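Visitor: for reference, the sequence and a predicted model appear below.
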Amino acid sequence: MIKKSTFQFLKDVALNNHREWFLPNKGRYEEARENVIDFTDQVLTGLRKIDPLITDDVKAKNCVLRIYRDIRFSKDKTPYKTNFGIGISPTAKNFKGPGYYIHLEPDSCFVTGGSWMPESETLKAIRQEIDYNGADFHAIIDAPVFRQFFPELDQEDMLKTSPKGYAADHPDIKYLKLKSFTASSRLKATELTGPDSVKNVLDRLEAVYPFMEFLRNALG
């Protein structure tokens, strides 16, 4: 489970996002990061039983993202993230295709699966798969176990007009217009600090797995 002290550390980072505070509190950061790595290890143990592509070669420490922000091209110059991110794929946090993501932040925890902002050729392949195999696509995203955790695919990244080659009245045009194919399910922090914390994450990863398979099949 995620310790309450880990979430408290993140709250404190949000209030003191500067190097002068972080350096004397680095021990707290390292303790929190170890907690997240341990939690990730438990999630990976369960996920390997769901997704055969997540092998023993995928190590927890390689899935936890850095807390240090890249501020070179950002107007926001605060140096630290106020969350812990966990990226899981066959290549750990270095996604080369669809992957899973777990976001740990005091007031914004969620589990996501899918393909975020894929390259143009990948995007075309996914759209083609939906066009060709719409029935299979809907069997996945309309399934009760999927809808329980993911009522709808994420809609933030979407074209304003129909993508080239698809009519505006295509029955799945709202999905074909997507630029990211991801599904996200929110959790309360309390769902991650209790004895069912790992199960709460794995239930969502298991529900999104058929969607992951669909995306992988689209890419051959």
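Guide: Done, it's in. Numbers count the residues shown, from 1 in each chain.
Visitor: quick one: Glu119 from Gly97, how far?
Guide: 11 Å (C-beta to C-beta, to the nearest Å). For the C-beta atoms, the positions are set from N, CA and C on the backbone; glycine is no exception.
Visitor: ok, now which ones touch Arg186?
Guide: With contact set as C-beta atoms under 8 Å, 6 or more residues apart in numbering, Arg186 has these partners: Ser108, Cys109, Phe110.
Visitor: drop anything exposed from those.
Guide: Among the contacts of Arg186, those classed as buried by neighbour count (16 or more other C-beta atoms under 10 Å) are Cys109.
Visitor: and the helices in this protein?
Guide: For the chain, the helices defined by DSSP state H occupy 4-15, 19-22, 26-47, 120-132, 134-141, 144-149, 173-176, 197-218.
Visitor: winner for burial among these?
Guide: Across the helices of the chain, averaging neighbours per residue (mean count of other C-beta atoms under 10 Å) puts helix 197-218 on top, at a mean of 20.
Visitor: helices and strands around that helix, which ones?
Guide: helix 26-47, strand 99-104, strand 109-115, helix 120-132, helix 134-141, helix 144-149, strand 181-187 (3 or more C-beta pairs under 8 Å, 6 or more residues apart in numbering; DSSP states H and E).
Visitor: chain center to that helix: distance?
Guide: 10 Å (C-alpha atoms, centre = their mean, to the nearest Å).
Visitor: which residue is nearest the centroid of the protein?
Guide: Tyr101 (2.2 Å; C-alpha atoms, centre = their mean).
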